[in-house]
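[1] need a structure here:
(chains A, B, C, D, E, F, G and H, ligands or ions: 6)
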Amino acid sequence: MGNRQEILLTGAGGQGLILASIVLAQAAVNDNKNVVQTQSYGPEARGGASMAGVIIDIDTIEYPKVVNPTILLCLNQASFTKYLPRIKKIGECVVIVDSTFVSGPFRDEYKVKSYPITRMAKEEIGKEVVANMLALGVLNASTNIIDREIFRESIFELAPKGSGELNQKAFDLGYSLYKHGSGQNKEETIQNSQ
Amino acid sequence: MGNRQEILLTGAGGQGLILASIVLAQAAVNDNKNVVQTQSYGPEARGGASMAGVIIDIDTIEYPKVVNPTILLCLNQASFTKYLPRIKKIGECVVIVDSTFVSGPFRDEYKVKSYPITRMAKEEIGKEVVANMLALGVLNASTNIIDREIFRESIFELAPKGSGELNQKAFDLGYSLYKHGSGQNKEETIQNSQ
Amino acid sequence: MPETKPVLMQGNEACAEGAISAGVRFYAGYPITPSTEVAEKMAVRLPDLGGVFIQMEDEIASMAAVIGASIGGMRALTATSGPGFSLKQENIGYAIMAEIPCVIVNVQRMGPSTGVPTAPSQGDVMQARWGTHGDHPVIVFSPASVYETYYLTIAAVNLSQKLRQPVILLLDEVVGHMREKVTIPKDSKLMVEKASDKVPADWKPYDDKGLAPLVPFGFGHYYHVTGLFHDQYGFPTGDPPQVERSLERIHEKLMKYRDEVILTNYIGHKEPRVVIITYGCTVRSARAVVKKAYWNNRMPVGLLSLQTLWPFPDKEVKEVARKADVIIVPEMNMGQIVGEVERHVKDEAEVVPLNRYDGEMISPDQISEMIGRWLA
Amino acid sequence: MPETKPVLMQGNEACAEGAISAGVRFYAGYPITPSTEVAEKMAVRLPDLGGVFIQMEDEIASMAAVIGASIGGMRALTATSGPGFSLKQENIGYAIMAEIPCVIVNVQRMGPSTGVPTAPSQGDVMQARWGTHGDHPVIVFSPASVYETYYLTIAAVNLSQKLRQPVILLLDEVVGHMREKVTIPKDSKLMVEKASDKVPADWKPYDDKGLAPLVPFGFGHYYHVTGLFHDQYGFPTGDPPQVERSLERIHEKLMKYRDEVILTNYIGHKEPRVVIITYGCTVRSARAVVKKAYWNNRMPVGLLSLQTLWPFPDKEVKEVARKADVIIVPEMNMGQIVGEVERHVKDEAEVVPLNRYDGEMISPDQISEMIGRWLA
Amino acid sequence: MASIDHLTKDFLRTKKLPHIWCPGCGNGIVTAALVRAIERADFDQRDVVIVSGIGCSSRAAGYLNFNTLHTTHGRALAFATGLKMARPELIIYVIMGDGDCSAIGGNHFIHSARRNIDLNAIVVNNHIYGMTGGQHSPLTPGGKKATTAPRGTLEREFKLLELARGAGATFGARGNAAQPRQLEQLIARAANHKGFSVVEALSPCPIAYGRRNKLGGPVDMLKEMKENSISIERASRKEQSELEGKTITGVLFDEDVPEYASEYYKSIGKSIPVRDNG
Amino acid sequence: MASIDHLTKDFLRTKKLPHIWCPGCGNGIVTAALVRAIERADFDQRDVVIVSGIGCSSRAAGYLNFNTLHTTHGRALAFATGLKMARPELIIYVIMGDGDCSAIGGNHFIHSARRNIDLNAIVVNNHIYGMTGGQHSPLTPGGKKATTAPRGTLEREFKLLELARGAGATFGARGNAAQPRQLEQLIARAANHKGFSVVEALSPCPIAYGRRNKLGGPVDMLKEMKENSISIERASRKEQSELEGKTITGVLFDEDVPEYASEYYKSIGKSIPVRDNG
Amino acid sequence: MLQYNKDDLSSELIIKSEWCKGCGVCVAFCPKEALFLDKENKAQKDVAKCSKCGICETFCPDFAISLIKRRLSAHAGDETGFNARE
Amino acid sequence: MLQYNKDDLSSELIIKSEWCKGCGVCVAFCPKEALFLDKENKAQKDVAKCSKCGICETFCPDFAISLIKRRLSAHAGDETGFNARE
Ligand SMILES: Cc1ncc(C[n+]2csc(CCOP(=O)(O)OP(=O)(O)O)c2C)c(N)n1
Ligand SMILES: Cc1ncc(C[n+]2csc(CCOP(=O)(O)OP(=O)(O)O)c2C)c(N)n1
Ligand code: SF4
Ligand code: SF4
Ligand code: SF4
Ligand code: SF4
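    Residues are numbered from 1 along each chain as shown, chains lettered A, B, ... in the order given. Ligands and ions are numbered 1, 2, ... in the order given. Presented below is the predicted three-dimensional model:
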């Protein structure tokens, strides 16, 4: 199971995390990997801290739940507070947060990477709703789990009619955001990059 | 189980057999005996051949169903046809039929006793509905299972308000009918006896 | 207890009378053969006692109304048969989860489905155990006579109150419809005290520590009742440790009172080679046989009759299994309680089912014949 | 079967897709978490296929409508979860008695009662067996993956048609809600032929001799369908020998096709000391462990996964019991199928339950730890 | 038109007779009216289905020589809904008792009305639970006695057709066993109506209802039923006060509203097959 | 009169807040109206019981500081009927969603109406199944979309108050979350009515209904609700044509008929206890 | 309403005694008083009085009376209990 | 309908931010435009504009607004989740 990537996507209900997890999972399928996607369905999924887990592996995936996250994405403060303690291999798990909503505390050993995901989505694309795809861009740029081109196509495939390009743009913007570096482990945001 | 009396009361729905069986059972209780009463509840209970079973014993009664009738009462032809074959000890079982409705065949070995039960009820009491109590009179006169006085009181106890005496009268008429003898094993009726 | 003069009483009537003796003052039901006489008796009796009889629109509503009345502080009972028992299952589960006392009577008829409505059967034994969804504890009594029906109904009502646990009374058509001589105690003080009179200061409706009394609505304790998993105060929770603990607590309380919950009776030889294990009306056929075989002929046979079917009398069954070579389990079904007997007896004794499922009682002859085969 | 490109699919969706592949063109249901996606998928798909999707007023009506449609000749399915499954019981019994094919999906959630609607559980295993009143045969499948869900739904539909027997598909919330990569066959000829096309001249709707095909209403065969015990022509009877025979016939037909009805799978050591027996999503945790223990470390362990829960795979279980010293039965409930394992295994092997009932999956670690205890 | 010269020939299962109903029970009269209504209509026998619930009246299904479906108590309309949606070309009569339809089956009744699905409901209203021996039903008139209302019921009864109307039913008629020809016509008109139709057929149950309420035998009950009835046509010409205590018979409402099954099939672009009567 | 200076003080379980409802959901507005109606009435807190079914709206019970009973889906009225018969002195409000009340719970609804039992039904009609994420309900207007009606529903909807009326209900009112003061008054009047009362409270569900049907956010939905409403008093002064597309609010019917629980207690010669407010 | 012609000589009123339960309904509703119950409680007709109006047929709860026109074969019932048209 | 007196100086409008979900309903229905959402999406009041009509209280779906008269103790909630009067 050396290949097994366990990804937790977390945030508030309505931030599009479930859809992001499905897009990520579909991208993994298109990239010829095995994948399992799960999500939280409880009342908390409506507000507060909602969660989706995606496990990607080349081998068959048996146990479908995330136990030992290798990637954690947090789009709001509540989920950051709730899910950070789930990390077992501190320092090895890639932690990406949206600095628009998450303000720490960022303890050094977690090596948290902070990007103004939602703010960029609003300012650069003009649509907050694409923050989820932008987040996927950052995530994939940071980790390279899925072939970038396949991922882009998957986004187009799953996006609501007419919004494919906009969503791809957000995804690409995530890559640039990544390239320009993060406010790692700090309450810091980076400047507009385009 | 030497004491065990197994009585089958049979006839058409509406002939008051269920009530007769309850009166008989209550009389047994009043006479300080153990008793179990059961009855048929199927659709046939509405018309055709309905049936009630009463088991009377001095010992505790375990198995509550009639398997080996010691007394069989038949108030209509259908029930005679249906229940006669249930008799196992042919000749030992007391068989009483209402000649108003039952016309045989009366094979000798069964020693069937035939009385114009319903006709007498109509003619002598003026009420067909008391035929059931009249039948109980014949039955108890023939077999003496219950103390006659206790039986009479039990009838009064259970009869609908105001009809106690009438029913007792019918019961007594059963005794006279018995005394005057039956058209044993024959399609014969006896004459009015009072 | 002063005894009154013996009376002739029907099993279903005895159920109604037992309920009344145990303080039941609320009946909600929907007619169905062969249980209807319970309702009919209640319809006559309850108004005179200041109680409530209501015929609901269906069995689901009947079960709901009984729970509602019980929360209001009235002892409550409902009666039905197979099809209605199936319909009540969802709300039986609610009563278990919310720990609302009540008694559900199922006078079994021949199933599945509409089956033969007037024919006897013992086909709902496993359904009584497992009929509602999810892991749930149940208490099920099964009487063999009119008097036992009276007596076990009283036990059911009181135990239900004490444990805040619905109790199911599984009659069969034979016992429900048969009339028998019984002597019932009069003016008995069978009712337990009202729980609400002695509410502890730190009362919590679902106290983690054990059995809190039910305080009826209307007394100023503003708690919440729900079929969701809940905390000590009754409020919903999905927290895994709390969920686990609640589920354990509602199961454990039955075993805490095992002596009152599990009722069985053994008659026969002290060192039996063949033991019959059965329940309900089938006990009568078995008893007829065992009495003759053991009392009259000193044959090494015995009868373990189960008044309690669930929780299953495992200890009692294992005990007879240790002595006996063969255990015969006659049932008016295709084999239900026998599975549980097998599970507990394992290889300690041979377990032999004796099944009849044609809508007729198992006769003493059938049982004798089976015993004969093993004692030959 | 030509395979199409792999897709990401949810368990509940796979159930809907499987049904459609097997020719299901009628869905009636009532929404309930965590099963609702089956309905939602059907609502989108069926109209385009000329099929019928109808949301009924409740689960009772849904079950009734499905039976009605099936009598009309349409393959029909309904999906629900615990509370709805409890409500459907009466009509499930009807379908069994009247031998009307249909598939009932229960995506299990944490019970009893409303429980934790979004939490997974395997708490309805025994209810699936015994939920409706009276002795009744059942077929219950339980898939462990999205593909297995697709596959077993198809098997369920076809078997149901072939045997004229309702089939229950017990999913759990994990399998129902999880999305997974699957490759599903396209344009498969999975449907069996229409029964009505080859009605024998002496056709009787409930032929004593065995399995008569169901001739849908509207084809001039004016037979009667009832939930009462009935004769070969469908007309009510209470005649004991006929009642007995009918009941036997509806049970026997399952065993006649045992090979198609009972599906299990064994992986692991040929001479195992410890065998895990489990089903549903718990298979995944067990398989993770057994793969590591046996494939990587050649430990004497094995896994018998049950795709069929009922009729219980007794032969298969006894076979592994003969080899193993210990059988571990992990279940997300307080111990349900383990009872059946114990009953059949008797003293052949030690049977050890491993239960979790807090609304969470059993983890591979829990299973490893348990194996460790026995192999130490 | 099918032969009407002998009632029992084609459409009754004569082998199953005599039926289980008590002497003088109205169920047989209502069933005969239904058979005649079907005979006079020009249906293919293969297209006619009888669905019923559980109760005395529901046993009618077993005596009618069509495809017949005797379901569970209260659920007949839900079974019929599934069948109608699967096979919209079938002509489905749904026979229910008053308890079956309005007590346990109340929900399916109002939802069938709401959907306006083309089922022909025939509610045999004998004011009592007959099959189980005389418990009160939601249609037992207030004050009347029943085994579960030994002092007379305190409950208010439904006005069945008002309930149906409130739920959205588009055709409602009332007839009775004492006017069998009118009843036959009402059933025939109901079947012609496209949408959910309700025919309330008042029917004497001399055994479980009449006896306990001292209403005399079947003849008395039928006579009283006839005397108390007035047709809607005649009623419309009377003063309100003259109608006191009268039961109005006839078609009480009849409205044209899109029918559910055909709307559904239209929406999926399918036409409903019509049998070639050959 | 109870203190009304702070809504949440006595009658809300503030520890349980914030509640689980979505931002802008009408459930909170309706619940607040209920709380105010109770506050203004002169009830002893001990006498008030809230019963609810299962659904988003039914979660209200958990937030109200009384004896509260959160039952099974659709069965709230049946539980409440048992409770009321056992304890007729209690004042019982029964909160139900539109699906809860009129789909699975339809039978209990019509039978409560028939019996005229003194329960105060508050039906939070958000036109959708909220809790399960947006399936159509029997009160979803024809043509509207839902997850189980992706092309818009073909089913006809109930007119809830007509259904209630047809079943025999004696009090029926309609209000909405966009007119919370009026709603409060309607709930208060309903509680004063002796017998079964129904208050239909129209309520926006922006998440499961509004979003899919492109009705805007909560503010848009509330505004439209307000604009489309007209009180029955004002409506009575308008032409029929002017009322096209309008929803009538207010008390639609109010009738005096013997109430079931009190009739029952009268019949057994018992009086219903009245709490000594001390 | 279809009317039977009382002068149609080919019509005949048939009473199937096996099905008659003696309820007396036909007797009570026959406008011509042409029916009576015999000693066995079975309905009997008085052919002379009968106008062949068919009312008794519609009233009999037991399908025991039929006014047969044209074809006279009575009760050509099915044998198996169901009866396919083809 | 009970009317609040806008000149009652002892009354105060309290917004409980922890419960406010920022739906904007109060803002839209306040007749005086005295409410707005802040950057955190929480309702805030402009005391100067507020007429203390209490409409916002009736509209807030989250019980987050209270117009307090007489007693000013805010949210003296229960501790145990239920709260017996005695
Ligand atoms: C679920 C269920 N509940 C109850 C019954 C028992 N039952 C059979 S028929 C019937 C009512 C009969 O009354 P009605 O529907 O008015 O029909 P009738 O017999 O008067 O024609 C009842 C309660 C049943 N079979 N199934
Ligand atoms: C027996 C049963 N069936 C289905 C469900 C699932 N369920 C929960 S709430 C609900 C409907 C919710 O809609 P509504 O009653 O309109 O209330 P809302 O959530 O819109 O307030 C359903 C179908 C259940 N809990 N129990
Ligand atoms: S009980 Fe009543 S309804 Fe039933 S068959 Fe007899 S008379 Fe008819
Ligand atoms: S046909 Fe007419 S006249 Fe002749 S017996 Fe019948 S009812 Fe009387
Ligand atoms: S109406 Fe029919 S059953 Fe009754 S007496 Fe006349 S023929 Fe016989
Ligand atoms: S009290 Fe009235 S004026 Fe003041 S903020 Fe609220 S709605 Fe606006």
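[2] Whatever residue of chain A ends up closest to chain G: which element?
    Using Cβ to the nearest Cβ, A:Tyr41 is the residue of chain A that sits closest to chain G, at 50.3 Å. Bear in mind the C-beta positions are built from the backbone N, C-alpha and C, glycine included. Secondary structure assignment for A:Tyr41, by DSSP states H and E: no helix or strand.
[3] how far away is the closest residue to it other than its chain neighbours from D:Glu360?
    The shortest distance from A:Tyr41 to any non-neighbouring residue, by Cβ to Cβ, 6 or more residues apart in numbering or on different chains, is to D:Thr118 (4.0 Å). Separation of D:Thr118 from D:Glu360 (Cβ to Cβ, to the nearest Å): 12 Å.
[4] G:Ile68 too?
    76 Å.
[5] same check, this time on C:Lys318
    When C:Lys318 is compared with D:Glu360 (using Cβ to Cβ), they lie 34 Å apart.
[6] again, but for E:Phe253
    Counting by Cβ to Cβ - E:Phe253 and D:Glu360 are separated by 57 Å.
[7] ditto for G:Glu40
    Distance check for G:Glu40 against D:Glu360: by Cβ to Cβ, it reads 76 Å.
[8] Kindly report the same for G:Trp19.
    Distance from G:Trp19 to D:Glu360, counting by Cβ to Cβ: 67 Å.
[9] what ranges do the helices span in chain G?
    Residue ranges of the helices in chain G, as given by DSSP state H, are G:25-29, G:55-59.
[10] neighbours around the residue nearest to A:Tyr41, how many?
    Burial of D:Thr118, expressed as a neighbour count using other Cβ atoms under 10 Å in any protein chain shown, amounts to 19.
[11] For the stretch 51-200 of chain E, give the residue positioned nearest to ligand 1.
    For the stretch 51-200 of chain E, the residue closest to ligand 1 is E:Gly97, as judged by Cβ to the nearest ligand atom, at 2.1 Å.
[12] likewise chain G?
    Across chain G, no residue is closer to ligand 1 than G:Pro61, which sits at 13.1 Å (Cβ to the nearest ligand atom).
[13] got a list of what that residue touches?
    Listed by Cβ atoms under 8 Å, 6 or more residues apart in numbering or on different chains, the contact partners of G:Pro61 are E:21, E:23-29, E:32, E:177, E:218, G:21, G:23, G:25.
[14] so where's chain E shaky on pLDDT?
    Across chain E, the stretches falling below the confidence threshold (pLDDT under 70) are E:1-9, E:276-278.
[15] residues in it within reach of chain C, list them.
    Taking Cβ under 8 Å from any Cβ of the partner chain, the part of chain E that reaches chain C is made up of E:54, E:72-74, E:103-104, E:106, E:129, E:131-133, E:135-136, E:138, E:147-151.
[16] Show the buried residues in those residues.
    E:54, E:72-74, E:103-104, E:106, E:129, E:131-133, E:135-136, E:138, E:147-149 (16 or more other Cβ atoms under 10 Å in any protein chain shown).
[17] Which of those fall in helices?
    For these, the ones inside helices are E:Gly106, with DSSP H as the criterion.
[18] Helix or strand: which one has E:Ile20?
    Per DSSP H and E, E:Ile20 falls between elements, in no helix or strand.
[19] At the geometric centre of chain E, which residue do we find?
    Central residue check for chain E by Cα atoms, centre = their mean: the C-alpha nearest the mean position is that of E:Ile122, 1.5 Å away.
[20] Wasn't that one part of a helix?
    No. Counting by DSSP: H, G, I helix; E, B strand; the rest coil, E:Ile122 falls outside a helix, being strand.
[21] Okay, it and chain F: tell me how far apart.
    E:Ile122 sits at a distance of 20 Å from chain F (criterion: Cβ to the nearest Cβ, to the nearest Å).
[22] so that residue bridges to which residues?
    E:Ile95, E:Val199 (DSSP bridges).
[23] Run through the residues that contact it.
    With Cβ under 8 Å, 6+ apart as the criterion, the residues that contact E:Ile122 are E:Val30, E:Leu34, E:Tyr93, E:Val94, E:Ile95, E:Met96, E:Ile187, E:Ala190, E:Val199, E:Ala201.
[24] Next, the last one: secondary structure please.
    For E:Ala201, the reduced secondary structure class is strand; criterion used: three-state DSSP.
[25] That one - nearest residue in space that isn't next to it in sequence?
    Nearest one to E:Ala201, counting by Cβ to Cβ, 6+ apart, is E:Val30 at 4.7 Å.
[26] quick one: that neighbour and B:Gly181, what's the gap?
    For E:Val30, the distance to B:Gly181 under the criterion Cβ to Cβ works out to 51 Å.
[27] In terms of neighbours, single out the busier of those two.
    For E:Val30 versus B:Gly181, neighbours defined as other Cβ under 10 Å are more numerous around E:Val30 (30 against 11).
[28] Show me the strands in chain A, by range?
    A:5-11, A:34-39, A:50-57, A:71-74, A:94-98, A:112-115 (DSSP state E).
[29] any chance of the ones you listed in TSV, with mean neighbour count, distance to C:Asn91 and mean pLDDT too?
    As requested, the strands of chain A are exported to TSV (neighbours: other Cβ atoms under 10 Å in any protein chain shown; distance: least, Cβ to Cβ, whole Å; pLDDT from 0 to 100):
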stretch	mean neighbour count	distance to C:Asn91	mean pLDDT
strand A:5-11	26	38	96
strand A:34-39	23	32	96
strand A:50-57	24	33	95
strand A:71-74	26	43	97
strand A:94-98	25	46	96
strand A:112-115	24	50	95
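[30] tell me the secondary structure for whichever residue of the stretch 251-376 of chain C sits closest to ligand 5?
    Using Cβ to the nearest ligand atom, C:Gly359 is the residue of the stretch 251-376 of chain C that sits closest to ligand 5, at 30.7 Å. Secondary structure for C:Gly359, judged by three-state DSSP, is coil.
[31] any idea how far it is from B:Tyr41?
    From C:Gly359 across to B:Tyr41, the span is 11 Å (Cβ to Cβ).
[32] same question, C:Val352
    Relative to B:Tyr41, C:Val352 is positioned 32 Å away (Cβ to Cβ).
[33] and the closest residue to E:Gly24 other than its chain neighbours, how many neighbours?
    On the basis of Cβ to Cβ, 6+ apart, the spatially nearest residue to E:Gly24 that is not a chain neighbour turns out to be E:Pro218, at 2.6 Å. By the other Cβ under 10 Å criterion, the neighbourhood of E:Pro218 contains 26 residues.
[34] thought E:Pro218 was touching E:Arg211?
    No. With contact defined as Cβ atoms under 8 Å, E:Pro218 does not count as touching E:Arg211 (10.7 Å).
[35] How about stretch E:45-61 and chain F, any contact?
    No. Contact of stretch E:45-61 with chain F (Cβ under 8 Å from any Cβ) is absent, the minimum separation being 14.2 Å.
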